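Undergrad: below: sequence and its predicted model.
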Amino acid sequence: MPVHTQGHPGAGDASDESGETPAGAALMWFRRDLRNIDNAALYQALKTHERVYCVFVFDTEILDPLPRADRRVEFIHESVRELREALTEQGGGLVVLHAATREAIPRLALELGVDTVFTNHDYEPDAVHRDDAVRGALGAVGIGFASFKDQVIFEKDEVLTGAGKPFGVFTPYKNAWLKTLTPFHLKAYPVGKYVAHLAKPPRQHFPSLQELGFEKTNLHALQIPTGMSGAQQLWADFQERMADYDRARDYPAVKGVSYLSVHLRFGTISIRELAAHAHRSRSAGARTWLSELIWRDFYQQVLWHRPDVFRANFRREYDAVEWAKGARAKAHFEAWCEARTGYPLVDAAMRQINQTGYMHNRLRMVVASFLTKDLGIHWFRGERYFAEHLNDYDLAANNGGWQWAASTGCDAQPWFRIFNPVTQSEKFDPQGKFIRRYLPELAQVPDRHIHAPWLMDAATQEAAGCRIGRDYPAPIVDHAEARAETLARFKVLRNPDED
């Protein structure tokens, strides 16, 4: 069976009108699409087959290298549990396996006697290789593999320049994206129309978190809602605030963002539902948020066309830049990871990610700029740290964001524009509310010093109960000096007319 790339709602519905009856059995393989509503592959499987089994695999190749206490695994575990319950209520169920996916999916497909395995596209390089292996193993025994677009609105070659090439700059991409968009692209897949074709699975065991080799985390203490119900809870709340998104999104102490990123990452909510709502809304906040959703598509198409960006600069001329190395760079990286840089907004942001697995988007730019431009450390080290700690880690978006900050990516921050961590703090956390939340040692520092506490005199430090160098570190670098070092580091890229 061919690999499908479109499968929009209504595509192929002519078969229904012609009286064709679905026949045979299929297997729906869930991955980063943990919902039984508006799901492209599930819809196509149910529409074309009279019996559809469903499976999710806790892939040992992905899980084994992870720490035993990983919020993402617990989030997935609870979301899969809810998906299983929803499918069971509809007369089907969910086979849940803990195994190597490359072997488990072909084996289960043979065991169930299906003619096709259905799934949704995953664009990350490792996932593409995994899917190629599964497709090959299935084909060797006469079983088809059908894959559909689901986690983005536009993918791969659907939005190209007039010359037929991938975009490397966001604004022209966004304009082309909006020009290409029709209501058809935002239409939900009517999965409910065919749920009678769901089949009961041959096995019912649902492995516990402990059976998977993992421990409970502080996920519930952080009040992070999981599954489809959690996604809808957050979505309903954000719809009430979306109109203010453009004004509130940059302030980490304010409830201004959607908090839906982890749900988009694991597909507990449909991108079509979110984009459709934002597109038909008329507020400036909705338009700004829609742009953020378009950025997701943009970075996914960049990764698809340039899978090498996982480890390499998108702009290869930046390979000439010499990043900091040696003992000093090692000590600086450790201080950044452990929130000991001496710059309050940077340290508060790093405390946030270390304690919660989340970091506000404005702060992701601030800490990435600080690591790459103030400390001169290669972006890949920061990207990998985020990959280990972010609940919503998504390779395409994370890589794109880090390369943007480092100036090595597509449509990136120019290398000579360097965030000042103090002025960023003054602008986006003016009263220091966010800083004090994550750095209680600065709780009594006066507002006028909260962004640069090392400027306090000894008496003020004593009154605030915060001795610099004892209770809170002095800055590990001077920003002005670090900026000069960065400009010198990037001089290999300087054009003569820039001097």
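TA: Here it is on my side, so go on. Numbers count the residues shown, from 1 in each chain.

Undergrad: so Asp38, which of the three states?
TA: coil (DSSP: H, G, I helix; E, B strand; the rest coil).

Undergrad: show the contacting residues for it.
TA: Neighbouring residues of Asp38 by CB atoms under 8 Å, 6 or more residues apart in numbering: 188-189, 191, 270, 272-273. For every residue, glycine as well, the C-beta is placed using N, CA and C.

Undergrad: now with 6 Å, please.
TA: 188-189, 270 (CB atoms under 6 Å, 6 or more residues apart in numbering).

Undergrad: in strands, which of the residues you listed appear?
TA: Per DSSP state E, strands hold no members of those.

Undergrad: could you turn the buried ones of those residues into a PyMOL selection?
TA: Here the buried members of these are turned into a PyMOL selection, burial being counted by 16 or more other CB atoms under 10 Å:
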select buried, resi 189+270
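
Undergrad: so can I have a markdown table of the contacts of Asp38 showing pLDDT and distance to Ala348?
TA: What follows is the contacts of Asp38, written out as a markdown table (pLDDT from 0 to 100; distance: CB to CB, whole Å):
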| residue | pLDDT | distance to Ala348 |
| --- | --- | --- |
| Ala188 | 98 | 40 |
| Tyr189 | 98 | 42 |
| Ser270 | 98 | 34 |
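
Undergrad: so which other helices or strands are in contact with the longest helix that the chain contains?
TA: Identified as the longest helix of the chain according to DSSP state H is helix 284-305. Using 3 or more CB pairs under 6 Å, 6 or more residues apart in numbering; DSSP states H and E, the elements in contact with helix 284-305 are helix 170-180, helix 245-248, helix 271-280, helix 395-406.

Undergrad: what's the most buried one of these?
TA: Comparing these by mean neighbour count (mean count of other CB atoms under 10 Å), helix 395-406 ranks first with a mean of 24.

Undergrad: now do that one against helix 170-180, angle only.
TA: Interaxial angle of helix 395-406 relative to helix 170-180 (axes from the mean of the first three to the mean of the last three CA atoms, to 10 degrees): 140 degrees.

Undergrad: could you check how far helix 395-406 is from the centre of its chain?
TA: Here helix 395-406 is found 11 Å from its chain centre; the criterion is CA atoms, centre = their mean, to the nearest Å.

Undergrad: low pLDDT regions in the stretch 1-150 of the chain?
TA: 1-20 (pLDDT under 70).

Undergrad: going along the chain, name the helices of it.
TA: Secondary structure of the stretch 1-150 of the chain (DSSP state H, counting those that start in this stretch): helices at 14-17, 40-48, 60-63, 71-89, 101-112, 125-140.

Undergrad: any buried residues in the fourth one, and which?
TA: Buried residues in helix 71-89, counting neighbours by 16+ other CB under 10 Å, are found at 71-84, 86-88.

Undergrad: output the contacting helices and strands for it.
TA: helix 227-239.

Undergrad: which residues touch the helix it packs on?
TA: Applying CB under 6 Å, 6+ apart, the set of residues contacting helix 227-239 is 35, 79, 82, 225, 258-260, 263, 268-269.

Undergrad: filter the residues you listed down to the buried ones, ChimeraX style.
TA: Per 16+ other CB under 10 Å, the buried members of the contacts of helix 227-239 correspond to this ChimeraX selection:
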select :35,79,82,225,258,259,260,263,268,269
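
Undergrad: what's the closest of the contacts of helix 227-239 to Pro446?
TA: For the contacts of helix 227-239, the residue nearest Pro446 by CB to CB is Tyr259; the value is 31.5 Å.

Undergrad: does that closest one count as helix, strand or coil?
TA: Tyr259 - assigned by three-state DSSP - is coil.

Undergrad: what about it, distance to Leu234?
TA: From Tyr259 over to Leu234 the distance is 5 Å, taken as CB to CB, to the nearest Å.

Undergrad: how about a markdown table for the helices and strands packed on helix 284-305, with mean pLDDT added?
TA: As requested, the helices and strands packed on helix 284-305 are exported to a markdown table (pLDDT from 0 to 100):
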| stretch | mean pLDDT |
| --- | --- |
| helix 170-180 | 98 |
| helix 245-248 | 98 |
| helix 271-280 | 98 |
| helix 395-406 | 96 |
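
Undergrad: out of the ones you listed, which is closest to Thr217?
TA: helix 395-406 (20.3 Å).

Undergrad: walk me through the domains of this protein.
TA: Using automatic domain parsing, the domain ranges for the chain come out as 1-150, 151-188+228-305, 316-493.

Undergrad: quick one: closest of those domains to Ser208.
TA: domain 1-150 (8.4 Å).

Undergrad: tell me how many other residues surround the closest residue to Glu103 other than its chain neighbours.
TA: Of all residues not flanking Glu103 in the chain, Ala137 sits nearest, at 7.9 Å (CB to CB, 6 or more residues apart in numbering). For Ala137, the count of nearby residues is 18 (other CB atoms under 10 Å).
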